[in-house]
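Engineer: Kindly return the folded structure for what I paste below:
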Amino acid sequence: MVQKAEKIWFDGKLVPWDEANVHVLTHTLHYGCGVFEGIRAYECVGGRSAVFRLREHMKRLMDSAHILGLTIPFGLEEMIQAVVDTLTANKMKAGYIRPLVFVGAGAMGVNPGSNPIRLAIAAWPWGAYLGEEALQKGIRVKTSSFCRMHVNTMMTKAKACGNYVNSVLAKTEAVADGYDEALMLDTQGFVSEASGENIFIVKNDVIKTTPLTSVLAGITRDSIMTMARELGYEVQEQLFTRDELYVADEAFFSGTAAEITPIREVDHRTIGEGHAGPITQLLQKEFFRIATGGNPDYAAWLHEYSI
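Structural biologist: Have a look, this model is predicted:
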């Protein structure tokens, strides 16, 4: 369950959590034409707090809206400040942040016409998405019977609400079958991503991730690639098959919610030693050090705020 906070930023104003409501005929509720982001704020060393890569997340929100033809009635700087205002109003030193751009009520039918474009920003406390134990021991994964969308079926570079019906189908299938997460293949049969995470594999100390074909350009994905190269590892963006995943030395998912979550098993095949491998553990350690302000070389990734 989402832990209720005091306020939600809604169309330029902070309103009580229980009053952040919409009409049942809200267009996006019926047709899925909306975009969102998932962002984390961390409590940092020295008692500070910071949002991880806030500007990049809000820029991606604007890009997603542009892809869907939605004009957000707020500028980038206004939205960045709105995130900070939401966190400070709720006295949150750390938490998960969910901006949502959606088409409001008015005309019905597939064409939204001149319906208003609305923006809400909520924040709440949230720990590890797949569980604290998963960050250490890793998770069990099933290859989904549902493929990731073809690039001309849905706009795969937009973090669009409607795209996630595909994810919901895959995730619920995996959980019903006793797994933690679903592995999505693209329409050619290559590994794409998970229901809400990008994927990395490690073989012979080379780190590989799927290219930006059918996958969303994850900000955590980009962060991992950057810091892994700085640590001296070769990082490749390359298509790979699920049997290449089966024989990887290590594998892990990445995402704002999942952070860096090891994969210990796929389709009843143990991955590597069956727990977080040494490179995965190193990347986890470095990622959390950066996100909590422990590495000044990456200070530009942190948007600090005060409670």
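Engineer: quick one: Ala41 is in a strand?
Structural biologist: Yes: counting by DSSP: H, G, I helix; E, B strand; the rest coil, Ala41 is part of a strand.
Engineer: That one touches Arg48, doesn't it?
Structural biologist: No: using Cβ atoms under 8 Å, Ala41 is not in contact with Arg48; the gap is 10.8 Å. The C-beta positions use only the backbone N, C-alpha and C, and glycine is treated the same way.
Engineer: out of these two, which sits in the more crowded spot?
Structural biologist: Between Ala41 and Arg48, Ala41 has the larger neighbour count (other Cβ atoms under 10 Å), namely 26 against 16.
Engineer: what about that one, distance to Lys4?
Structural biologist: To Lys4, Ala41 is 17 Å away according to Cβ to Cβ, to the nearest Å.
Engineer: before we move on, what about Asn21?
Structural biologist: From Asn21 to Lys4 the distance is 14 Å (Cβ to Cβ).
Engineer: For stretch 186-195, C-alpha coordinates in PDB please.
Structural biologist: In PDB, the C-alpha atoms belonging to stretch 186-195 read as follows (Å, rounded to 0.1, in the frame of the first residue of the first chain):
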ATOM      1  CA  ASP A 186      11.000  -7.900 -28.400                       C
ATOM      2  CA  THR A 187       9.000  -8.800 -31.500                       C
ATOM      3  CA  GLN A 188      12.200 -10.400 -33.000                       C
ATOM      4  CA  GLY A 189      12.800 -12.600 -30.000                       C
ATOM      5  CA  PHE A 190      15.700 -10.700 -28.500                       C
ATOM      6  CA  VAL A 191      15.800  -9.700 -24.800                       C
ATOM      7  CA  SER A 192      14.200  -6.300 -24.400                       C
ATOM      8  CA  GLU A 193      13.700  -5.400 -20.700                       C
ATOM      9  CA  ALA A 194      11.600  -6.300 -17.700                       C
ATOM     10  CA  SER A 195       8.100  -5.000 -16.900                       C
END
